[in-house]
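Participant: Sequence plus predicted model, see below.
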Amino acid sequence: MAGSTFWLVLLIGFFGFLLGLILNHFLPLTLLRLNGTAPPRGSFGWPLLGETLSFLKPHPSNSLGAFLKHHCSRYGKVFKSHLFLSPTIVSCDQELNYFILQNEGKLFECSYPKPILGILGKSSMLVAVGDTHKRLRNVAVSLVTITKTKPEFLSDIEATAIGILHSWKDKSQVIFCEEARKFTFNVIVKQVLGLTPDEPQTTQILEDFLTFMRGLISLPLYIPGTPYARAVKKEDIFNCESNHRGKKKKCRSTKRNEKASFVLDSPLGGYETTSLLMAMVVFFLAQSPSALQRLKVINEALRCGNVVKFVHRKALKDVKFRDPSLHASALEFDHWRWKV
């Protein structure tokens, strides 16, 4: 009798889980249609997983990637999808993206999916909104301002750059993108935590941070041993480290967890973005030597490459927007495009 009850409960639980997957996958689209709102064309992919695996597939930084190319050619530059366990509208339209960012707090607000929020934490400046975001941003600006005014600020950056260059001396070739990441990470850790590249803690923090980054762009399932689960655990390590080192920084207006989140946000905001921009500038300038004398090439490098793979925004109300064309010959690198 007990065995039959166990299997009955297990069977009910399985069908309940299956029903939950189906509702999570199709209910949002059904509600939109019942309300008379027509979402863009697109596909929700598989239940639960959606199209997350295809979206996260690695691709060169100077391309949209197979996922976006395929969906843009099939559905247009604005389409619906199911990413990170949530129904999502994806926009590859420059003017619409500009419109979204210009209406931050009016029509849209920062809203990352719950799995990513589970890694970053509610106190992260990347996901905070309203007064909390303003306070954290003011703390960040104050810290950066104080750091930049220190006499040793530029000399520390110069020493870090020279150290990276000296490490190339006995190498026949280097992977510049990785070296740029190392440079930006060392600069950030030095200014935020007061650690030099030679200290063992710096190497350990870098390894922990890489684990954190891999979890941030992995399938968001909390299963022990997966990149996502390891990343959630690494957040606690960063919190402990920041609470230990953060005593040197005087940010009395912030709570302890907000200080910890700021220490995590600092390398997160600069590790990938700044290093990728440096690498893309070198890559494109190598193909256009004459442009070395120009000062506007950074704009074209930003346009042709993806410094940030994606950002999440939640619509506060229904928004309708047109679909204009982009630049002429948009896939070609034209270093004179931004000439005034």
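Facilitator: Cool, the structure landed.
Participant: all contacts plus neighbour counts: C-alpha atoms, from now on.
Facilitator: Noted.
Participant: how about the strands in this structure?
Facilitator: 78-83, 86-91, 108-110, 313-315 (DSSP state E).
Participant: quick one: which of the ones you listed is nearest Met280?
Facilitator: With Cα to Cα, the closest approach to Met280 among those belongs to strand 86-91: 22.8 Å.
Participant: Tell me which residues are up against the closest one.
Facilitator: Strand 86-91 is touched from outside by His25, Pro28, Pro40, Phe44, Lys77, Val78, Phe79, Lys80, Ser81, His82, Asn97, Pro113, with contacts defined as Cα atoms under 8 Å, 6 or more residues apart in numbering.
Participant: List only buried entries from those.
Facilitator: Buried subset of those (neighbour count, 16 or more other Cα atoms under 10 Å): His25, Phe44, Lys77, Val78, Phe79, Lys80, Ser81, His82, Pro113.
Participant: so Ala315 touches Glu109, yeah?
Facilitator: Yes. Judged on Cα atoms under 8 Å, Ala315 makes contact with Glu109 at a distance of 6.7 Å.
Participant: what about these two, which has more around it?
Facilitator: A count of neighbours by other Cα atoms under 10 Å puts Glu109 above the other of Ala315 and Glu109, at 20 against 17.
Participant: Bridge partners for the more buried one, pull those for me.
Facilitator: Lys314 (DSSP bridges).
Participant: Low-confidence bits of the stretch 101-250 of the chain, can you list those?
Facilitator: Scanning the stretch 101-250 of the chain for pLDDT under 70 picks out the ranges 115, 234-250.
Participant: ranges for the helices of it?
Facilitator: Here the stretch 101-250 of the chain has its helices, by DSSP state H, counting those that start in this stretch, at 114-120, 130-149, 153-166, 176-193, 200-216, 227-245.
Participant: Any chance of a markdown table for these, columns mean neighbour count?
Facilitator: As requested, the helices of the stretch 101-250 of the chain are exported to a markdown table (neighbours: other Cα atoms under 10 Å):
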| stretch | mean neighbour count |
| --- | --- |
| helix 114-120 | 19 |
| helix 130-149 | 14 |
| helix 153-166 | 14 |
| helix 176-193 | 20 |
| helix 200-216 | 17 |
| helix 227-245 | 19 |
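Participant: can you redo those as TSV with distance to Gly13?
Facilitator: What follows is the helices of the stretch 101-250 of the chain, written out as TSV (distance: least, Cα to Cα, whole Å):
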stretch	distance to Gly13
helix 114-120	23
helix 130-149	40
helix 153-166	56
helix 176-193	46
helix 200-216	29
helix 227-245	24
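Participant: Pick out the lowest-pLDDT one from the buried ones among the contacts of strand 86-91.
Facilitator: Minimum pLDDT for the buried ones among the contacts of strand 86-91 is recorded at His25 (58).
Participant: so how far is Ile157 from the nearest residue to Leu195 once chain neighbours are set aside?
Facilitator: Among residues not flanking Leu195 along the chain, Val189 sits closest, at 5.9 Å (Cα to Cα, 6 or more residues apart in numbering). Remark: distance between Val189 and Ile157 (Cα to Cα, to the nearest Å) = 11 Å.
Participant: hmm, back to that, now the strands of the chain in a markdown table, with distance to Val281?
Facilitator: Shown next, in a markdown table, are these (distance: least, Cα to Cα, whole Å):
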| stretch | distance to Val281 |
| --- | --- |
| strand 78-83 | 28 |
| strand 86-91 | 25 |
| strand 108-110 | 29 |
| strand 313-315 | 28 |
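Participant: do you know which of these lies nearest Asn62?
Facilitator: Sorting the strands of the chain by Cα to Cα, the top spot, which is the nearest, belongs to strand 86-91 at 17.7 Å.
Participant: circling back to that earlier point, now for the contacts of strand 86-91, which pair is the farthest apart?
Facilitator: Top of the distance list for those (Cα to Cα): His25 and Asn97, 25.5 Å.
Participant: follow-up on the earlier one: what sits against the residue nearest to Leu195?
Facilitator: Leu195, Thr196, Thr202, Pro267.
Participant: of those, closest to Ala286?
Facilitator: Ala286 lies nearest to Pro267 out of the contacts of Val189, by Cα to Cα, at 27.6 Å.
Participant: Neighbours of the closest one, how many?
Facilitator: Residues within reach of Pro267, counting by other Cα under 10 Å, total 20.
Participant: Could you measure from it over to Val281?
Facilitator: Taken as Cα to Cα, the spacing of Pro267 relative to Val281 amounts to 21 Å.
Participant: With His71 instead?
Facilitator: According to Cα to Cα, His71 stands 28 Å off from Val281.
Participant: Angles on the backbone of the closest residue to Asn186 other than its chain neighbours, please.
Facilitator: Setting aside the residues directly before and after it, Asn186 is nearest to Pro197 in space (Cα to Cα, 6+ apart), at 5.9 Å. The phi/psi pair for Pro197 (degrees, to the nearest 10) reads phi -60, psi -20.
Participant: and Pro197, how many residues sit next to it?
Facilitator: Pro197, neighbours per other Cα under 10 Å, totals 18.
Participant: Would you confirm that it contacts Leu206?
Facilitator: No. Checked against Cα under 8 Å, the pair Pro197 and Leu206 is beyond contact range at 10.1 Å.
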